[in-house]
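>>> Here is my input; please provide its structure:
(chains A and B)
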There are 2 protein chains.
Amino acid sequence: MLKENKKELESDVIQLVPQLTLDCVIFGFHDSSLKVLLLKWKGTEFYSLAGGTVRQSESLDKAAERVLMERTGLDKIFLRQFHTFGNVERYDREKIKKMLAHLIDPDLWYERAISVGYYALVDYMKVFPNPDALSDACEWWDLNEVPALLFDHEEILEKALHALRLELSFQPIGLNLLPEKFTMPDMMRMYEAILNKKIDPRNFQKKILKSGIVIKLNEVKRGVAHKSPFLYKFDPEKYEEVLREGGLFFI
Amino acid sequence: MLKENKKELESDVIQLVPQLTLDCVIFGFHDSSLKVLLLKWKGTEFYSLAGGTVRQSESLDKAAERVLMERTGLDKIFLRQFHTFGNVERYDREKIKKMLAHLIDPDLWYERAISVGYYALVDYMKVFPNPDALSDACEWWDLNEVPALLFDHEEILEKALHALRLELSFQPIGLNLLPEKFTMPDMMRMYEAILNKKIDPRNFQKKILKSGIVIKLNEVKRGVAHKSPFLYKFDPEKYEEVLREGGLFFI
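Predicted coordinates for the structure are as follows:
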């Protein structure tokens, strides 16, 4: 919907599913806190989540994978559809049209758009944030410091976080968020960052070990203040098995 | 997309969101088993879930409520969006076009349609099943006896059931499925029917009572074989509170 893309779109070079968009909430974990990737819109101080369109020839999942690849440079990452946003007036359209008139021709907006929400869990260190055609910057924000977001993206972020927290209570998580080798406190801090609450360490360790999703290595982490903690890695087979069958209960 | 409706649709009397449909998995509970409402397509032996379209002027939720009202005569029922089905080839379209050519002009099919899935929990006794314009019959089927379904509706039903089972493990359920007054065994049978497994009765009763979502009445159920069991009803305020905050764990 960029002005300069108008002709291209009209000529149906890229045929899109009408009135359907995608929004991707891209979470990363760093420094014991949860981050989210935001776009800063060209020539403005406005932020939004990463978004995209759906082509006639691609599935919703493929479209979400494409958007993620474009914004992060990563593929094969944990990606989950969580909700489709289908209110008629998802936000104040007239206001937004004016705010973005320098970028998007107000006549080109759909009567309404339905947006499919996905959330992704990525390794913060592996991401090369890449702005889209409508944005000047693509940046990580600490979840506790997220600025006001355009459209209904605050609601979408909120709902993604809710879905992630629920999912966390019955499915293994961390394969994409943690480094290959990690300590039990590292893993616990990830859970605490997502759930935004303190967890009892002994109970946590007991449950994780009982689930069988991690393997204790014959290595310890060096350079930490106290007793060197053991390193763990995920057991990919067991992880997949629990993922398929569910059954972790943490909260 | 009915042949006789072609003119009406073309004249934009009802302006629909293009390429977007809804599918509703309507569950009922009766005789200790879970039922699902199916449509039998006109002049065929083919069955499907209840479906519908989305108007430009209505939200997805409102569209789902409309479909449910049309098929069951009920409103204000438990209705939950669970997944949007967005594969390009959701089913063998050429085959289906031929199978339904007596009802739907093959030229009128969209290039593809994305379908938003909802599931509903209704009181079996209160439903008046009502076929739609494309079907001869609207009938309850026992979940264990469901016939082959058109389109990708077996996958949609499977996913709805999965979502319902997950939801059951952290949210209260039964307000729309059980009669106003019920016994603890009634409630347990509902959980067993949905989960399709046996539950330990004492553990179940303990958890339900601890959650506070039910109130024990000063009445017993008459006419049952053994000791007359006490009746319970839901505490609507506590039910809503747990629904908002989550936190039941049963499985």
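
>>> where does the stretch 1-150 of chain A come near chain B, residue by residue?
By the rule CB under 8 Å from any CB of the partner chain, the part of the stretch 1-150 of chain A lying against chain B is A:17-20, A:54, A:56-61, A:63, A:81, A:83-84, A:86-88, A:111-112, A:114, A:116. From N, CA and C alone the C-beta is placed, and that goes for glycine too.

>>> partners of the helix or strand where residue A:231 lies in the sheet?
For residue A:231, the host element (DSSP states H and E) is strand A:230-234. Sheet pairing of strand A:230-234 (DSSP bridges) gives strand A:182-183 (antiparallel), strand A:214-220 (antiparallel).

>>> Make a PyMOL selection of the buried ones in the residues of the stretch 1-150 of chain A next to chain B.
Entered in PyMOL, the line below selects the buried ones among those, by 16 or more other CB atoms under 10 Å in any protein chain shown:
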select buried, chain A and resi 17+19+20+54+58+59+60+61+63+81+83+84+86+87+88+112+114+116
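
>>> Mind checking which of the residues of the stretch 1-150 of chain A next to chain B are in strands?
Residues of the residues of the stretch 1-150 of chain A next to chain B located in strands (DSSP state E): A:17-20, A:54, A:81, A:83-84, A:114, A:116.

>>> all helices of chain A, in order?
For chain A, the helices defined by DSSP state H cover A:6-10, A:60-72, A:93-99, A:153-168, A:184-195, A:201-211, A:236-245.

>>> Would you reformat the ones you listed as TSV and include mean pLDDT and distance to residue B:244?
As requested, these are exported to TSV (pLDDT from 0 to 100; distance: least, CB to CB, whole Å):
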stretch	mean pLDDT	distance to residue B:244
helix A:6-10	52	43
helix A:60-72	96	29
helix A:93-99	95	30
helix A:153-168	92	11
helix A:184-195	90	17
helix A:201-211	89	25
helix A:236-245	85	28
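
>>> re the thing from before, and which of the ones in strands among the residues of the stretch 1-150 of chain A next to chain B is nearest to residue A:186?
Of all these, residue A:81 has the smallest distance to residue A:186: 28.2 Å, by CB to CB.

>>> Residues in a beta bridge with the closest one, which ones?
residue A:118.

>>> contacting residues around stretch A:174-186?
Applying CB atoms under 8 Å, 6 or more residues apart in numbering or on different chains, the set of residues contacting stretch A:174-186 from outside is A:27-29, A:77-78, A:121-125, A:187, A:190, A:201, A:204-205, A:208, A:217, A:219, A:221, A:229-234, A:236, A:239.

>>> circling back: could you dump the helices of chain A into JSON lines and include distance to residue B:41?
Formatted as JSON lines, the helices of chain A follow (distance: least, CB to CB, whole Å):
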{"stretch": "helix A:6-10", "distance to residue B:41": "38"}
{"stretch": "helix A:60-72", "distance to residue B:41": "27"}
{"stretch": "helix A:93-99", "distance to residue B:41": "39"}
{"stretch": "helix A:153-168", "distance to residue B:41": "35"}
{"stretch": "helix A:184-195", "distance to residue B:41": "46"}
{"stretch": "helix A:201-211", "distance to residue B:41": "46"}
{"stretch": "helix A:236-245", "distance to residue B:41": "34"}
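
>>> Which stretch among those approaches residue B:96 most closely?
helix A:60-72 (20.3 Å).

>>> buried set for the closest one?
A:60-61, A:63-68, A:70-72.

>>> Could you chop chain A up by domain?
Listed by automatic domain parsing, the domain ranges of chain A are A:3-157, A:182-245.

>>> just those domains: most buried one?
Of all those, domain A:3-157 carries the top mean neighbour count, a mean of 17, counting by mean count of other CB atoms under 10 Å in any protein chain shown.

>>> Tell me how far that domain lies from the chain's centre.
11 Å (CA atoms, centre = their mean, to the nearest Å).

>>> Return the member of the buried residues of helix A:60-72 nearest to residue B:105.
residue A:60 (27.0 Å).

>>> just checking, the closest one touches residue A:54?
Yes - contact status for residue A:60 versus residue A:54: in contact at 6.3 Å, counting by CB atoms under 8 Å.

>>> which neighbours do these two share?
A:22, A:116, B:86, B:114.

>>> Format those residues as CSV; extra columns: distance to residue A:130.
Putting the shared contacts of residue A:60 and residue A:54 into CSV (distance: CB to CB, whole Å) gives the following:
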residue, distance to residue A:130
A:22, 17
A:116, 21
B:86, 24
B:114, 27
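
>>> between those, which is nearest residue B:168?
Out of these, the member with the shortest distance to residue B:168 (by CB to CB) is residue A:116, at 24.9 Å.

>>> end-to-end on stretch A:98-113?
17 Å (CA to CA, to the nearest Å).

>>> what's next to it, contact-wise?
A:1-3, A:6, A:18-21, A:41-44, A:46, A:88-90, A:93, A:97, A:134, A:150, B:17, B:56.

>>> 10 Å - rerun?
A:1-3, A:5-6, A:9-10, A:18-21, A:41-44, A:46, A:51, A:53, A:85-90, A:92-94, A:96-97, A:133-135, A:150-151, B:15, B:17, B:54, B:56-57, B:59 (CB atoms under 10 Å, 6 or more residues apart in numbering or on different chains).

>>> ok, back up a step: now the two most distant members of the buried residues of helix A:60-72.
The span of these, defined through CB to CB, is set by A:60 and A:72 at 18.3 Å.

>>> and residue B:170, which of the helices of chain A is closest to it?
Comparing the helices of chain A under CB to CB, the one sitting nearest is helix A:153-168, at 6.7 Å.

>>> Give me the helices and strands touching the closest one, please.
strand A:16-30, strand A:33-41, strand A:47-48, strand A:50-55, strand A:78-85, strand A:114-122, helix A:184-195, helix B:153-168 (3 or more CB pairs under 10 Å, 6 or more residues apart in numbering or on different chains; DSSP states H and E).

>>> I'd like these as JSON lines, with distance to residue A:104 appended.
Formatted as JSON lines, the helices and strands packed on helix A:153-168 follow (distance: least, CB to CB, whole Å):
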{"stretch": "strand A:16-30", "distance to residue A:104": "13"}
{"stretch": "strand A:33-41", "distance to residue A:104": "10"}
{"stretch": "strand A:47-48", "distance to residue A:104": "13"}
{"stretch": "strand A:50-55", "distance to residue A:104": "12"}
{"stretch": "strand A:78-85", "distance to residue A:104": "19"}
{"stretch": "strand A:114-122", "distance to residue A:104": "16"}
{"stretch": "helix A:184-195", "distance to residue A:104": "34"}
{"stretch": "helix B:153-168", "distance to residue A:104": "35"}
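
>>> All set now, cheers.
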